[in-house]
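[1] predicted model and sequence follow; I will ask about them next.
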Amino acid sequence: MTPTLPLGLQLHILELALPPLVRRNLDERVRLCKAFSLVHRSWTKTAQRELHEYVTVVYTQLARLDTAAQERIAAAKEGGWGLKRLDINLESLASAVVWLEEGDDLGLAAIEEMWLTLHEGDSTSFGVGGLRRLHIFDVWSRGPPDLPYASPRQLTYLALHGISLDNRWTGMQLPSLRVLLLEDVFTAPHWPDFLPAPVELRAFACKAFFPKLKHDTLAHMPQLRHFMAAFPTGQYAIDLWPALFDEPDAETPPIRLPPRLQTLTCLGTSSLGALLEERTAWRTLEDACDELGTSLNVRLELTTRQMEDLDLEEWAYSVGA
């Protein structure tokens, strides 16, 4: 007789078998959850709970959201599963209006996380009172004009991709923010204006374009545990983190790190490696990490494709953020 694992252990293995709940894995999670729900009726409830935790919504016109999303939301309501995560694609100019008008009907009170992709439309309000985690992808790199004021103050996680910020983004009040991910963020203000003190970040990652890092930028984030910077080219790196390349002197103090920093990751292509080869500041960074017991992880041989595929959300997940 073949031994059978206890049901609780089976369900735990099922949950572990699902890929991490990050945006690029959502379609794969749907496929696996549907497959698991058909294996045995004892697995169905757990698989459907995981399946209906999130839904992808595509707004293409003023009429309504897509049929597939309506069906998923209806199934979640019927099964009593709370919708916690929403992946929204605003493809038309009027889609944000629809989103706000339909928000109450979709039962969004329990939404904790949202991935928001902007095409032609803007969104100046998120219509979700309990939102904790927000990811914004701006296809045209313009940036929602009132984003700093529309962002819920209780946000703990903010990821900005392709956002163009200007002086309107100053004095952002997000006292609960613990995770910040920036990718291709253009025309951003200086750090003291972008994130007023006190800064309570625990995980922080930058890729491609982002506000310039000075020698003491990270030191003003005393609770920071994990930091990553990824540079597609060496020229980006010199412009965005000059303290990493300038020789320390009276005018350019050595890099300062936050006291609780556990990991510091620097990723780049071979051009960055060549730039750092003779730099005293790089050795200064190594010394600073050694003094704090910080793990310094450096990879300077990434290809252009590997750099493009680098997912900041996956990095945040890997450090427990």
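    Perfect, I can see it now.
[2] in which helix or strand would I find the residue lying closest to Leu312 once chain neighbours are set aside?
    Excluding the flanking residues, the one nearest Leu312 by Cβ to Cβ, 6 or more residues apart in numbering is Leu181, at 4.2 Å. (C-beta placed from N, C-alpha, C; glycine too.) If you go by DSSP states H and E, Leu181 is part of strand 179-183.
[3] mind checking the SS state of Phe204?
    strand (DSSP: H, G, I helix; E, B strand; the rest coil).
[4] may I have the strands that pair with the strand holding Leu181, each with its orientation?
    strand 157-161 (parallel), strand 203-207 (parallel) (DSSP bridges).
[5] I'd like those strands laid out as TSV, including mean neighbour count and distance to Leu285.
    Listed next are these as TSV, based on neighbours: other Cβ atoms under 10 Å; distance: least, Cβ to Cβ, whole Å:
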stretch	mean neighbour count	distance to Leu285
strand 157-161	21	25
strand 203-207	24	15
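[6] need the ones you listed in a markdown table with mean pLDDT and distance to Gln48, can you?
    Shown next, in a markdown table, are those (pLDDT from 0 to 100; distance: least, Cβ to Cβ, whole Å):
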| stretch | mean pLDDT | distance to Gln48 |
| --- | --- | --- |
| strand 157-161 | 92 | 26 |
| strand 203-207 | 95 | 31 |
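[7] roughly how far apart are Pro258 and Arg132?
    23 Å (Cβ to Cβ, to the nearest Å).
[8] and what of Ala316?
    14 Å.
[9] got JSON lines for the strands paired with strand 179-183, with distance to Gly8 too?
    JSON lines is the format used below for the strands paired with strand 179-183 (distance: least, Cβ to Cβ, whole Å):
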{"stretch": "strand 157-161", "distance to Gly8": "30"}
{"stretch": "strand 203-207", "distance to Gly8": "32"}
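[10] which element follows the lowest-mean-pLDDT helix or strand in the chain toward the C-terminus?
    In the chain, no helix or strand scores lower on mean pLDDT, DSSP states H and E than helix 95-102, which sits at a mean of 44. Note on helix 95-102: by DSSP H and E, the next helix or strand toward the C-terminus is strand 113-118.
[11] mind listing what's buried in that following strand?
    Glu113, Met114, Trp115, Leu116, Thr117, Leu118 (16 or more other Cβ atoms under 10 Å).
[12] tell me which of these is nearest to Leu310?
    Ranked by distance to Leu310 (Cβ to Cβ), the buried residues of strand 113-118 are led by Trp115 at 17.4 Å.
[13] that older thread, which of Pro258 and Arg132 has more neighbours?
    Pro258 (23 against 17; other Cβ atoms under 10 Å).
[14] quick one: residues contacting Leu155.
    Leu131, Arg132, Arg133, Leu134, Leu174, Ser176, Leu177 (Cβ atoms under 8 Å, 6 or more residues apart in numbering).
[15] quick one, phi psi at the first one?
    Which is Leu131. phi -60, psi 130 (degrees, to the nearest 10).
[16] thinking it is in contact with Trp115, fair?
    No. Here Leu131 lies out of contact with Trp115, judged by Cβ atoms under 8 Å, at a distance of 11.5 Å.
[17] all helices of the stretch 1-150 of the chain, in order?
    For the stretch 1-150 of the chain, applying DSSP state H, counting those that start in this stretch gives helices covering 7-17, 26-37, 41-51, 67-79, 95-102, 147-150.
[18] can you tell me which of those helices has the worst average pLDDT?
    The minimum mean pLDDT among the helices of the stretch 1-150 of the chain belongs to helix 95-102 (a mean of 44).
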